[in-house]
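Asks: Sequence first, then the predicted structure, then my questions.
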Amino acid sequence: MSNSGKVEALIPRCLFSIENSDNLNVDCEDLSSVSISWENGFVTELKPLKTKNKKPNNILFPRFIEAHSHIDKSFTWDEFPNLRSNYDGALSINLQEHKTRNTKKVLERAEKSLNLAIKNGYRAIRSHIDTYQHQGNDVWAELFKLQKKYSSKLQLQFVALCPLEFWQTENGRNLAKNFSTNKGILGGVVVPPFKKKETIKLLSEMLLLADKYKLEIDLHIDESTTEPGAGLKVLLEVIDKLNIQVPITCSHLSSILLLKEKEILDLGKKIADKNIKVVALPLTNFWLLNHKSNTTSLERPVAPIKELQKSLVDVSIGSDNVQDPWFPFGNFDPFYMMSCTMPMLQLNPWERMTLSSIFLAPSRLLNLKWDGLIKKGCPADFVIVDAQRWADVFSSNLKRKVFIKGDLHR
Ligand SMILES: [Zn+2]
């Protein structure tokens, strides 16, 4: 059977669950030697490998999930480079790109992104899609067709990224109504400087709209070096006032890093209490924020993952932009993201909380059927790399095989 197989591999201990863990070998980097079999696309057996002296030469990961991307603008760097590499430059060049975009261009970029993502090992992606008031909404019908077209290989979720004002317009309300059938997510940007009163009003209306159609919200919030946590504080105020239960994701949440540790932990508790999920985006934050041309700035805020996790917030790590005005590099490759992120943020790959933010939290964020833990009965959705230790994973020329429902993807 083509969708069946068996392999001896190392799996990070926190990424699998096993019925009988007697005789399980776990090395000092938390990699365990196991034998794994699958039939008809599902794992049928997972057992410890007894041979103590022979270490498998593969590491097996569950297929990855991208918690935050922008497939509508990826690969536009060549035409729209942001050579100053700062936030304001990215924003203005993004607007220039917007004047030239049409449905065909967006679909071409999206398909290129999805094909690469599948090849590199992703099983699901949440993508924000630029949305403006004076823009036809034809692109949405095509995007939902694309979602269906790729659904056997990759689950795709869309967030309409627009100014908060959009959700007050007729177009905005119609799109929200459309999303109640197509399961889209309401997006927006809350980055200082902003008018507090006006922002409270706009956020309140957005939350009420989401509540009306039972939708989620995913905000680009506090992607900034000024007014630490200003957007988050306003959001928490609005949620308290309205007292409604709308699932909310805070993407970026960078500037709170500049607060004192106690304040970060206190805000973290409030975020966890409201069940708000956070997506940390270190690549774009490190690239754009506080960019100085003549000095080497290390003050580049990114969501304080460790403090938030300590406050019991569910934090995912995402890649954000790929080869567009916001970020010139990347290739929809989870190993590129991990290779950059781990040394940047001093995250140990042998620790459960690190891998949880890459594999398990994103699965909860996207509400996926499979939590991402390898176990008997789970989908045979793997990325198997030629490696015996983490150093092999984060070196160049990584050889990988991607299995989708038990079949090797070619
Ligand atoms: Zn983004």
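Replies: Yes, it's here. Residues are numbered from 1 along each chain as shown.
Asks: any idea whether the residue nearest to residue 155 when sequence neighbours are not counted is helix, strand or coil?
Replies: Among residues not flanking residue 155 along the chain, residue 124 sits closest, at 4.0 Å (Cβ to Cβ, 6 or more residues apart in numbering). (Each C-beta comes from the backbone N, C-alpha and C, glycine too.) Three-state call for residue 124 (DSSP: H, G, I helix; E, B strand; the rest coil): strand.
Asks: Residue 124 reaches residue 368, doesn't it?
Replies: Yes: counting by Cβ atoms under 8 Å, residue 124 does reach residue 368; the two are 5.8 Å apart.
Asks: Identify the contacts common to these two.
Replies: 65, 155 (Cβ atoms under 8 Å, 6 or more residues apart in numbering).
Asks: which of the two has more neighbours?
Replies: Counted by other Cβ atoms under 10 Å, residue 124 and residue 368 do not tie: residue 124 has more neighbours, with 22 against 15.
Asks: For the more buried one, which residues are in contact?
Replies: 65-66, 154-157, 362-363, 366, 368.
Asks: any chance of those in JSON lines, plus pLDDT?
Replies: Below are the contacts of residue 124 laid out as JSON lines (pLDDT from 0 to 100):
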{"residue": "65", "pLDDT": "98"}
{"residue": "66", "pLDDT": "98"}
{"residue": "154", "pLDDT": "98"}
{"residue": "155", "pLDDT": "98"}
{"residue": "156", "pLDDT": "98"}
{"residue": "157", "pLDDT": "98"}
{"residue": "362", "pLDDT": "98"}
{"residue": "363", "pLDDT": "98"}
{"residue": "366", "pLDDT": "98"}
{"residue": "368", "pLDDT": "98"}
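Asks: In strands only, show me those.
Replies: Cross-referencing the contacts of residue 124 against strands under DSSP state E gives 65-66, 155-157.
Asks: Out of those, which is nearest to residue 269?
Replies: Nearest to residue 269 among those is residue 65, at 26.2 Å by Cβ to Cβ.
Asks: related to what we said a few turns ago, from the contacts of residue 124, keep the buried residues only.
Replies: The neighbour count (16 or more other Cβ atoms under 10 Å) marks 65-66, 154-157, 362-363, 366 as buried among the contacts of residue 124.
Asks: Below-threshold pLDDT in this protein: ranges please.
Replies: Scanning the chain for pLDDT under 70 picks out 1, 51-53, 136.
Asks: Could you measure from the most centrally placed residue in it over to residue 253?
Replies: The residue lying closest to the centre of the chain (Cα atoms, centre = their mean) is residue 67, at 1.7 Å. Distance of residue 67 to residue 253, computed by Cβ to Cβ, to the nearest Å: 13 Å.
Asks: just so I have it, where are all the strands in the stretch 101-250 of the chain?
Replies: Assigned by DSSP state E, counting those that start in this stretch, the strands in the stretch 101-250 of the chain fall at 122-130, 155-161, 185-190, 217-221, 248-252.
Asks: The fourth one packs against which elements?
Replies: With contacts defined as 3 or more Cβ pairs under 8 Å, 6 or more residues apart in numbering; DSSP states H and E, strand 217-221 has these neighbours: strand 122-130, strand 185-190, helix 196-212, helix 230-242, strand 248-252.
Asks: Swap in 7 Å and give it another go.
Replies: strand 185-190, helix 196-212, helix 230-242, strand 248-252 (3 or more Cβ pairs under 7 Å, 6 or more residues apart in numbering; DSSP states H and E).
Asks: what's the angle between the shortest one and strand 185-190?
Replies: In this case it means strand 248-252. Angle of strand 248-252 versus strand 185-190, following axes from the mean of the first three to the mean of the last three Cα atoms, to 10 degrees, is 50 degrees.
Asks: gap between stretch 387-394 and the chain center?
Replies: 23 Å (Cα atoms, centre = their mean, to the nearest Å).
Asks: Rebuild the strands of the stretch 101-250 of the chain as TSV, extending it with distance to residue 282.
Replies: Below are the strands of the stretch 101-250 of the chain laid out as TSV (distance: least, Cβ to Cβ, whole Å):
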stretch	distance to residue 282
strand 122-130	17
strand 155-161	20
strand 185-190	19
strand 217-221	15
strand 248-252	10
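Asks: So which of these is nearest residue 332?
Replies: strand 122-130 (6.9 Å).
Asks: who does the closest one pair up with?
Replies: strand 64-69 (parallel), strand 155-161 (parallel) (DSSP bridges).
Asks: Convert that strand to CSV, retaining C-alpha atoms only.
Replies: Extracted in CSV, the C-alpha atoms of strand 122-130 (Å, rounded to 0.1, in the frame of the first residue of the first chain):
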residue,chain,number,x,y,z
TYR,A,122,3.5,22.8,6.3
ARG,A,123,0.1,21.3,6.8
ALA,A,124,-1.8,24.5,7.7
ILE,A,125,-1.4,28.2,7.2
ARG,A,126,-3.2,31.3,8.5
SER,A,127,-2.7,34.1,6.1
HIS,A,128,-3.7,37.8,6.4
ILE,A,129,-5.0,39.3,3.2
ASP,A,130,-4.8,43.1,2.6
